[in-house]
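[1] here is a sequence together with a model predicted from it:
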Amino acid sequence: MKRGISYTKAFTTLLQRDLRIAIRHRGDIFNPLLFFILVVTLFPLGIGPEPQVLTRVAPGIIWVAALLASMLSLERLFKADYNDGSLEQMLLSPQPLVILVLAKVFAHWILTGVPLILVAPLLAVLLHLDSNSYVALMATLALGTPVLSLLGAIGVALTVGLRKGGVLLSLLILPLYIPVLIFATSAIDSASINLPYSGQLAIIGAMLIGSLIMAPFAIGASLRVSTN
Amino acid sequence: MWKWLNSYADPERSYKLAGTLLPWFVCLAIALIGVGTTWGLLFAPMDYQQGDSFRIIYIHVPAASMSMAAYMGMATASFIGIVWQIKAADWAAASIAPIGAVITFIALFTGAAWGKPMWGTWWVWDARLTSELVLLFLYLGVIALYASFEDKVLAARAAGILAIVGVVNIPIIKYSVDWWSSLHQPATIKITEKSTMTGDMLYPLIINIFGFGMMIGAITLVRFRAEVLARNGMRPWVRALATQEVSK
């Protein structure tokens, strides 16, 4: 069968479609972001407002909140397409599923990961994050949030056909998120005491490349299972 | 070779094969664990630093190494099930998962009980311990995913993909003690070089590791047979089996 359009064209078409849909439902972009901000503001209220304490725990709080926010927003990644049948059309289309899946995950990252990265420095100010750590925070978020989207998409693809997939989703993907969390917070901690943190960044980068290559296949296989 | 192997994809034959293998696994498991544990607990020399409390090693190390081995077994079975569409492999994967979860829990629990007198703490957030905890979560995720699908063929596919993705964690557990400066000691049993442990302590440990392997094999076979019967309840041979049991 002829493919009709090129891979690049297929990728950009799906990307534009997903972005356009999201812009027309603005709540979908802002709600996870608000959740992120709210979770972060809960911590100073819970553990006390002393700047020293907050400085110490700030990287962890920001990253854990980012994990939770990305997980919340992931649920919708395939849900609407699954419900209205367009997901099946994507599976049936002559384009390789890997390309389509990558476009969807990339759109998801632009809509949830990027706003998160942009808001993070603001929250870091609220949490008295050490001034040395800002670059590290941004760098780990920039490299780490795409990994979250890619790994999370595997879990979403596995549970999209289930009616109550929400709690199950967290059980499936939070364990997979743990390595990212460990290296990201360790990089920020190193930065705060003026130690080099390029090693941790390199590992997160390796995770990004590894998941970029392998996750789309797992997502595609999972989608085929779920739409069966 | 392939033809011979493939004939065991048939549920009835694999059920019968599991039945024939079961007594061997049970006998070997009882014998090996019996010998290894008695030797290890009663006759092995005392550790010069840790005294008698090191003896928990005879449970902890076999459980920990088998938790990884069981995971690899489950992932391999899932892979076979997904690639060659062999349902018997899916059932095998589904029957290993809960056993693996329990054995991982045993490894974590005995590790905590050993850590309290030796390290002075039940738990540290250390690479080896954390990655083993992640392994437990992976097992639980596979079990939960398998349970949440009505259609068990789909359930096995979905859980299988998760199991295969989770294999990433296995080398992390194995090498965590070499890659990170960890409170957990590095490996003492080495296959290619001389082990850093005296023989009288080492042999019972190795016997127990094999014993635990046999035990997991035996429990897997029991669960596998139950799984085969549960998934093939409508088949004539299962019905014949059931009526045979009743008339006996």
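    It's in. Numbering: from 1, shown residues only, chains lettered A, B, ... in the order given.
[2] which residue does chain B have closest to chain A?
    Of all residues in chain B, the one sitting closest to chain A is B:Phe137 (3.8 Å; C-beta to the nearest C-beta). The way it works is simple: take the backbone N, C-alpha and C, and place the C-beta from them, glycine included.
[3] identify each buried residue in the strand or helix carrying that residue, please.
    Using DSSP states H and E, B:Phe137 sits within helix B:127-148. For helix B:127-148, the buried set under the neighbour-count rule, 16 or more other C-beta atoms under 10 Å in any protein chain shown, comprises B:127-146, B:148.
[4] how about the residues of chain A by chain B?
    Counting by C-beta under 8 Å from any C-beta of the partner chain, the positions of chain A adjacent to chain B are A:154-155, A:158-159, A:161-162, A:164-165, A:168, A:171-172, A:174-176, A:178-179, A:182, A:218, A:221-222, A:225-226, A:228.
[5] how does it look with 7 Å?
    A:154, A:158, A:162, A:168, A:171-172, A:175, A:178, A:218, A:221-222, A:225, A:228 (C-beta under 7 Å from any C-beta of the partner chain).
[6] kindly reformat these as JSON lines containing secondary structure and neighbour count.
    Putting the residues of chain A next to chain B into JSON lines (DSSP: H, G, I helix; E, B strand; the rest coil; neighbours: other C-beta atoms under 10 Å in any protein chain shown) gives the following:
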{"residue": "A:Ile154", "secondary structure": "helix", "neighbour count": "28"}
{"residue": "A:Leu158", "secondary structure": "helix", "neighbour count": "31"}
{"residue": "A:Leu162", "secondary structure": "coil", "neighbour count": "16"}
{"residue": "A:Leu168", "secondary structure": "helix", "neighbour count": "18"}
{"residue": "A:Leu171", "secondary structure": "helix", "neighbour count": "19"}
{"residue": "A:Leu172", "secondary structure": "helix", "neighbour count": "29"}
{"residue": "A:Pro175", "secondary structure": "helix", "neighbour count": "23"}
{"residue": "A:Ile178", "secondary structure": "helix", "neighbour count": "16"}
{"residue": "A:Ala218", "secondary structure": "helix", "neighbour count": "22"}
{"residue": "A:Ala221", "secondary structure": "helix", "neighbour count": "21"}
{"residue": "A:Ser222", "secondary structure": "helix", "neighbour count": "26"}
{"residue": "A:Val225", "secondary structure": "helix", "neighbour count": "23"}
{"residue": "A:Asn228", "secondary structure": "coil", "neighbour count": "11"}
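[7] columns pLDDT and distance to B:Ala156 on top of the residues you listed, output as TSV?
    Shown next, in TSV, are the residues of chain A next to chain B (pLDDT from 0 to 100; distance: C-beta to C-beta, whole Å):
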residue	pLDDT	distance to B:Ala156
A:Ile154	91	17
A:Leu158	88	12
A:Leu162	82	15
A:Leu168	85	16
A:Leu171	85	18
A:Leu172	86	15
A:Pro175	87	20
A:Ile178	86	26
A:Ala218	91	16
A:Ala221	89	13
A:Ser222	90	13
A:Val225	85	9
A:Asn228	73	12
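[8] which residues touch the residue of chain B closest to chain A?
    Residues in contact with B:Phe137 (C-beta atoms under 7 Å, 6 or more residues apart in numbering or on different chains) are A:Pro175.
[9] need the contact list for whichever residue of chain A sits closest to chain B.
    Nearest residue of chain A to chain B: A:Pro175, at 3.8 Å (C-beta to the nearest C-beta). Contacts for A:Pro175 were tallied using C-beta under 7 Å, 6+ apart; they are B:Val134, B:Phe137, B:Leu138, B:Gly141.
[10] nearest spatial neighbour of the last one, chain-adjacent residues omitted?
    To tie it back to what came earlier, the one meant is B:Gly141. Leaving out its chain neighbours, the residue that sits closest to B:Gly141 by C-beta to C-beta, 6 or more residues apart in numbering or on different chains is A:Leu172, at 4.6 Å.
[11] next one: phi and psi at B:Val168?
    Main-chain dihedrals, B:Val168, degrees, to the nearest 10: phi -50, psi -30.
[12] what is the neighbour count of it?
    Residue neighbour count, defined by other C-beta atoms under 10 Å in any protein chain shown, stands at 17 for B:Val168.
[13] can you check A:Ala103 too?
    22.
[14] and stretch B:48-63, which residues are buried?
    Those would be B:Phe54, B:Arg55, B:Ile56, B:Ile57, B:Tyr58, B:Ile59, B:His60, B:Val61, B:Pro62, B:Ala63, for stretch B:48-63 by 16+ other C-beta under 10 Å.
[15] next, the buried residues of the strand or helix carrying A:Ala120.
    Assessed by DSSP H and E, A:Ala120 sits inside helix A:114-126. Of the residues in helix A:114-126, A:Pro115, A:Leu116, A:Ile117, A:Val119, A:Ala120, A:Leu123, A:Ala124 count as buried by neighbour count, 16+ other C-beta under 10 Å.
[16] for stretch A:189-209, same thing?
    Going by 16+ other C-beta under 10 Å, stretch A:189-209 has these buried residues: A:Asp189, A:Ser190, A:Ala191, A:Ser192, A:Tyr197, A:Gln200, A:Leu201, A:Ile203, A:Ile204, A:Gly205, A:Met207, A:Leu208.
[17] helix, strand, or coil at the third one?
    This means A:Ala191. With DSSP: H, G, I helix; E, B strand; the rest coil as the basis, A:Ala191 sits in helix.
[18] for it, which non-adjacent residue is closest in space?
    A:Ala136 is the one closest to A:Ala191 (C-beta to C-beta, 6+ apart), at 3.5 Å.
[19] the second one too?
    Using C-beta to C-beta, 6+ apart and skipping residues adjacent in sequence, the residue nearest A:Ser190 is A:Tyr197, 4.1 Å away.
[20] wait, that neighbour sits on A:Ala191?
    Yes. Using C-beta atoms under 7 Å, A:Tyr197 is in contact with A:Ala191, at 4.9 Å.
[21] around chain A, pick out the residues from chain B.
    So far as C-beta under 7 Å from any C-beta goes, chain B lies against chain A at B:134, B:137-138, B:140-141, B:144-145, B:148, B:154, B:157-158, B:161-162, B:165.
[22] hmm, back to that, for the residue nearest to A:Ser190, what are its contacts?
    A:Ala136, A:Ala187, A:Ser190, A:Ala191 are the contacts of A:Tyr197 under C-beta under 7 Å, 6+ apart.
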